[in-house]
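Q: below are the sequence and a predicted model for it; my questions follow.
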Amino acid sequence: MDIYKEDACRGKVVFVAGGSSGINLGIAQRFAGLGATIGLISRKQDRVSAAVASIKEAGGQAMGIAADVRSYDAVEAAIRQVRDAYGEIDVIISGAAGNFLAPVVGMSANAFKTVIDIDLLGSFNVLRASYAHIRKPGACVISITAGQAIRPTMFQAHAGAAKAGINNLTQTLAMEWGPAGVRVNAIAPGPISDTEGMARLAPTAEATKALKSKIALRDYGTKRDIADLAVFLSSDNAKYITGAIIDCDGGSVIGDASADALTIPAR
Ligand code: NAP
Ligand code: COA
């Protein structure tokens, strides 16, 4: 089956946490373009409304609710509202996150806690609250993690610890929910162009150039790269994949590829 053909996702309900911008909005827009119905949340009503409008303007169907993933009750109410409006949820995308560059001694306990609360506790809240409202069997849950989870990165202690927790939560839930026919996976994007994340982590042209020089494929990825992987993971073509943390990162996480090995004469 062509999983990217027009209408391939018609009839599916997709809930996106942190769906008002960036990679997560790109995922929501891609699913909507393939016919899925979208429910999305983030903290700020104006951003939620703009995201929903962008989907509707492109011919899609969507609703949005302002909710902070740090509040279990707010998340639960939002997921329930989407289920009541559209029916059982087929795909959960858990991607809300906050990040900034700071050394450990440059962040307060509250700064560390803030990122843990948004990324890790927020993921728990989204996944835990979703269970009652997802299709069983058949649902697909995808968390958005990051390479910092397995490759410790300076100035990223908070985000790395949070994403490592998300990886563990993903694989634990894959075991707990597998018998109910629910698949639980995570996508680890590498640096993705035109995102808030990269604006914060590589804010200058120099930093961008230096980072690209270390990536095996020598470039940033696109939101579409991540969205297409999410569509694949939610499809029947991926029906035997669960508990997987899938890198989509041009080879970023495997190591520093800046040395030019191809200039070394072959022996
Ligand atoms: P982004 O545009 O800032 O996306 C973050 C989203 O989360 C926004 O919609 C934001 O909207 C929402 N959000 C933040 N705090 C929230 C909270 N407490 N409750 C509910 N929603 C909240 O950033 P992005 O760069 O596209 O990142 C998206 C995801 O990809 C994140 O999980 C990030 O860790 C991951 N990632 C990104 C990259 C990259 O290259 N950009 C690389 C690896 C992983 P509001 O402000 O309205 O709440
Ligand atoms: N360096 C060190 N500490 C920082 C910081 C930085 N660059 N930015 C924020 N903090 C600290 C604050 O000082 C505060 O700690 P304090 O109370 O001890 O002073 C703590 O973090 C919480 O900040 P606050 O602004 O109150 O949190 P918030 O909940 O309003 O916002 C953030 C959360 C900080 C993560 C904010 O950057 C955000 O909303 N991010 C969402 C978008 C994003 O990060 N996208 C990229 C995703 S990869």
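A: Great, that's in hand. Numbering: from 1, shown residues only. Ligands and ions are numbered 1, 2, ... in the order given.
Q: going along the chain, name the helices of the stretch 151-267 of the chain.
A: Taking DSSP state H, counting those that start in this stretch, the helices of the stretch 151-267 of the chain run over residues 157-177, 196-201, 205-214, 223-234.
Q: of those, which is nearest ligand 2?
A: Shortest distance between ligand 2 and those, using Cβ to the nearest ligand atom, is found for helix 196-201: 3.5 Å. Placement of C-beta: from N, CA and C, glycine included.
Q: hang on, the earlier thing: now, of the helices of the stretch 151-267 of the chain, which is deepest in the fold?
A: Most buried of those, by mean neighbour count (mean count of other Cβ atoms under 10 Å): helix 223-234, with a mean of 21.
Q: what helices and strands are in contact with that helix?
A: helix 22-33, strand 91-94, strand 140-144, strand 183-189, strand 245-248 (3 or more Cβ pairs under 8 Å, 6 or more residues apart in numbering; DSSP states H and E).
Q: list the residues that contact Gly147.
A: Thr153, Ala188, Gly190, Asp247, Asp249, Ser252, Val253 (Cβ atoms under 8 Å, 6 or more residues apart in numbering).
Q: just name the most buried of the helices and strands packed on helix 223-234.
A: Comparing the helices and strands packed on helix 223-234 by mean count of other Cβ under 10 Å gives strand 91-94 as most buried, with a mean of 28.
Q: next one: the helix or strand just after that one to chain centre, how far?
A: Once strand 91-94 ends, the next helix or strand along the chain (criterion: DSSP states H and E) is helix 109-115. From the chain centre to the centre of helix 109-115 is a distance of 21 Å (Cα atoms, centre = their mean, to the nearest Å).
Q: how close does the residue nearest to Leu217 when sequence neighbours are not counted sit to Val126?
A: Take Leu217 and drop its neighbours on the chain: the residue closest to it by Cβ to Cβ, 6 or more residues apart in numbering is Gly250, 3.6 Å away. According to Cβ to Cβ, to the nearest Å, Gly250 and Val126 sit 27 Å apart.
Q: and these two? Which one has more around it.
A: Taking Gly250 and Val126 together and counting by other Cβ atoms under 10 Å, Val126 has the greater number of neighbours (28 against 20).
Q: ok so, going back, export the helices and strands packed on helix 223-234 to a markdown table and tack on distance to ligand 2 and mean pLDDT?
A: Formatted as a markdown table, the helices and strands packed on helix 223-234 follow (distance: least, Cβ to the nearest ligand atom, whole Å; pLDDT from 0 to 100):
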| stretch | distance to ligand 2 | mean pLDDT |
| --- | --- | --- |
| helix 22-33 | 7 | 98 |
| strand 91-94 | 13 | 99 |
| strand 140-144 | 9 | 99 |
| strand 183-189 | 10 | 99 |
| strand 245-248 | 15 | 98 |
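Q: how about TSV for those, with distance to ligand 1 added?
A: Formatted as TSV, those follow (distance: least, Cβ to the nearest ligand atom, whole Å):
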stretch	distance to ligand 1
helix 22-33	2
strand 91-94	8
strand 140-144	4
strand 183-189	4
strand 245-248	9
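Q: make CSV out of these and add distance to Asp225.
A: CSV is the format used below for those (distance: least, Cβ to Cβ, whole Å):
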stretch, distance to Asp225
helix 22-33, 9
strand 91-94, 15
strand 140-144, 13
strand 183-189, 8
strand 245-248, 6
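Q: out of the ones you listed, which gets nearest to Thr204?
A: helix 22-33 (19.4 Å; Cβ to Cβ).
Q: Ser54 against Ser21, yeah?
A: No. Using Cβ atoms under 8 Å, Ser54 makes no contact with Ser21, being 10.0 Å away.
Q: neighbours of Arg151, how many?
A: 14.
Q: which non-adjacent residue is nearest it?
A: Of all residues apart from its sequence neighbours, Val253 sits closest to Arg151 (Cβ to Cβ, 6+ apart), at 5.3 Å.
Q: contacting residues around that neighbour?
A: If you count contacts by Cβ under 8 Å, 6+ apart, then Val253 has Gly147, Ile150, Arg151, Ala188, Gly190, Asp247 around it.
Q: ok, now Cys9?
A: Phe31, Leu34, Gly35, Ala36, Val231, Ser234.
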